[in-house]
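Trainee: Need the 3D shape of this:
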Amino acid sequence: MTTVRDVTYELLRTHGLTTVFGNPGSNELPFLAGMPDDFRYVLGLHEGAVLAMADGYSQASGGPALVNLHAAAGTGNAMGVLTNSVYSHTPLVVLAGQQVRSTVGQEVVLSIVEPEALLRPLVKWSAEPACAEDVPRVMSQAIHTATLPAQGPVFVAVPYDDWAREAPEETAHLLRRRTAAGACLSGDQLAELVTALDEAASPVLVLGPEVDASGAYDDAVRLAEALGATVWLSPFSSRCSFPTRHRAFRGQLPSSVKGVTEALAGHDLILVIGAPVFRYHQFEPGPYLPPGARLLQVTGDAAEATRAPMGEALVGAIHDTVTRLADAVTPGLRPPLPPLPDFPVPAESNGRVHPERLFADLRALAPADTVWVSETTSTTSAFWAQTDLREPGSYLWPAAGGLGFGLPAAVGAQLARPERQVVALIGDGSANYGITALWTAAQYNIPVITVILKNGTYGALRWFAEILDAGEVPGMDVPDIDFTLLARGYGMNATSVSTPEDFAAAFKSALGSGKPALIEVETERTRP
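Mentor: Numbering: from 1, shown residues only. Take a look at the predicted model:
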């Protein structure tokens, strides 16, 4: 007899979903028992860390990832981190174990009440199969839904007694199904874009995470060079879609209306590619656009297109659009941009390491193709001032600002990209949200390097309290945490440093070890 479980594993195999990130409970055991030898189970000690590891793995690998969570409680534990996956368009298939089908209506212990509603509106689609025989089809639908544009997480709850039921013969068709997106811009639509770009006196490109995720990184460089246009990253972008030392690069846009408008002043055409318009955070009202500016948006997400408060939007395939634009615009209409100035001289360290000095040293010490996973929100400006990102897929950031993403996402990214070094830059405040991922890195010998910037406070919150004129606010400090003891307790090599020289020695040692390592750095307090 071919069971529902047998067919589901074959379906997962067909789609390359052979790495399972999870934290098991009783409802999940019938699915996990006797897992096929070609599958890999990656255990996390908290569901938030599990989901963030899967997110980092998916973004780094470029494919979907499977997350296995326990009932409603385990799924709820992961929801905070799931907010990041929504806005980074990460194709996650979240599978949770439901109680025995005949008992769910009684709301017995570990039942998921209204599973279709549990994760909405965070997921693209959610379901509980109507019967055991429909489980493979629902899983197939979940995988295709997650990976088709706009990509994003989906959720399926399966009663655990369904796995042993006999699968209908017709489920074999699911193993041969393929879906693909073909929504490219028409010739007329592309021509209108090209005309607008060619006729603009001072165009500017605002690039979002879809550019890097779609593989359009190099073509985005060609487009900027052909146009002679400056380039910004969209606010709160979860990826870096342009080389940061290219003469066109201007950094990441601020996350307020006023800040964005001031940064884009002087441009008559703003072309936003692969990003929402815009992901504001700090409330600084003002005009949405500089005087005389026209905004055009190209996105793969219809929801992003419809909710924007200004501009004109086209929904289409990002890679195809950027490539065709780079080929079609008229080069040489504007003078070439001057080279960027040298990196600013980092601030001197005094008793503690200044973040600017730390990032400057990391630029010199780390391999050129390092993947940086950042979750140190009070040092954002210092990072962008000192960083040199040259390759696609070099940067990950929590797209919704939800803490607990960075440390475990770095573990997942390193698992997906063993040929590149992954370095996690984590604030001491945010580190505690995903600290259990250190155990996973140690147990599976995943050689990620975690750098904890320890300043003893929630630096970004202190800055925001000033902006809001909030005065004294409780709960701003997190003193007296020894991350080296925590890391060693989880089985990882760890050291603490307070000078640039000691940091350089510790980082070189970690690079050469081929093992996971944590470096706690006593850093000065700075503003974002």
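
Trainee: where in this structure is pLDDT low?
Mentor: The chain contains residues with pLDDT under 70 at 457-467, 476, 528.

Trainee: The stretch 101-250 of the chain: strands as residue ranges?
Mentor: Using DSSP state E, counting those that start in this stretch, the strands assigned to the stretch 101-250 of the chain run over residues 125-127, 154-159, 203-207, 230-233, 249-252.

Trainee: Show me the one of those that comes nearest Pro64.
Mentor: strand 154-159 (9.4 Å; Cβ to Cβ). Using the backbone N, CA and C atoms, a C-beta is placed for each residue, glycine as well.

Trainee: helices and strands around that closest one, which ones?
Mentor: If contacts are counted by 3 or more Cβ pairs under 8 Å, 6 or more residues apart in numbering; DSSP states H and E, strand 154-159 sits against strand 92-98, helix 115-118, strand 125-127, helix 135-147.

Trainee: helices or strands up against the last one?
Mentor: On a contact count with 3+ Cβ pairs under 8 Å, 6+ apart, helix 135-147 meets helix 4-14, strand 92-98, strand 125-127, strand 154-159.

Trainee: at 10 Å instead, please
Mentor: Secondary-structure packing of helix 135-147 (3 or more Cβ pairs under 10 Å, 6 or more residues apart in numbering; DSSP states H and E): helix 4-14, strand 65-70, strand 92-98, strand 125-127, strand 154-159.

Trainee: From the contact counts, what lies against the second one?
Mentor: Looking back up the chat, that one is strand 65-70. strand 19-22, helix 29-32, strand 40-43, helix 47-61, helix 71-87, strand 92-98, helix 135-147, strand 154-159.

Trainee: switch the cut-off to 7 Å
Mentor: Secondary-structure packing of strand 65-70 (3 or more Cβ pairs under 7 Å, 6 or more residues apart in numbering; DSSP states H and E): strand 19-22, helix 47-61, strand 92-98.

Trainee: Partner strands of the first one, with direction?
Mentor: Going back to what we said before, that points to strand 19-22. With DSSP bridges as the test, strand 19-22 is paired with strand 40-43 (parallel), strand 65-70 (parallel).

Trainee: can you check the last one too?
Mentor: When sheet partners are counted by DSSP bridges, strand 92-98 sits next to strand 65-70 (parallel), strand 154-159 (parallel).

Trainee: Now find how far off-centre that strand is within its chain.
Mentor: Strand 92-98 has its C-alpha centroid displaced from the chain centroid by 19 Å (Cα atoms, centre = their mean, to the nearest Å).

Trainee: likewise the shortest one?
Mentor: Remark: strand 19-22 is offset 17 Å from the chain centroid, using Cα atoms, centre = their mean.

Trainee: what does stretch 136-152 give?
Mentor: Distance, stretch centre to chain centre, for stretch 136-152: 19 Å (Cα atoms, centre = their mean).

Trainee: would you turn the strands paired with strand 92-98 into JSON lines with mean neighbour count and distance to Gly56?
Mentor: JSON lines is the format used below for the strands paired with strand 92-98 (neighbours: other Cβ atoms under 10 Å; distance: least, Cβ to Cβ, whole Å):
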{"stretch": "strand 65-70", "mean neighbour count": "26", "distance to Gly56": "9"}
{"stretch": "strand 154-159", "mean neighbour count": "26", "distance to Gly56": "18"}
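
Trainee: For my notes, please list these in CSV and give distance to His281 for each entry.
Mentor: Formatted as CSV, these follow (distance: least, Cβ to Cβ, whole Å):
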stretch, distance to His281
strand 65-70, 27
strand 154-159, 27
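
Trainee: quick one: which of the ones you listed is nearest Gln59?
Mentor: Minimum separation from Gln59 across the strands paired with strand 92-98 (Cβ to Cβ) falls at strand 65-70, 9.0 Å.

Trainee: okay, the angle between the closest one and helix 47-61?
Mentor: For strand 65-70 against helix 47-61, the angle by axes from the mean of the first three to the mean of the last three Cα atoms, to 10 degrees is 170 degrees.

Trainee: For strand 65-70, give me every contacting residue.
Mentor: Strand 65-70 is contacted by residues 12, 17, 19-25, 27-28, 47, 50-51, 54, 57-58, 75, 78, 92-97 when judged by Cβ atoms under 7 Å, 6 or more residues apart in numbering.

Trainee: mind checking how far that strand is from the chain centre?
Mentor: Chain-centre distance of strand 65-70: 17 Å, with Cα atoms, centre = their mean.

Trainee: now swap in stretch 364-379 and tell me
Mentor: Its chain's C-alpha centre and that of stretch 364-379 lie 14 Å apart, by Cα atoms, centre = their mean.
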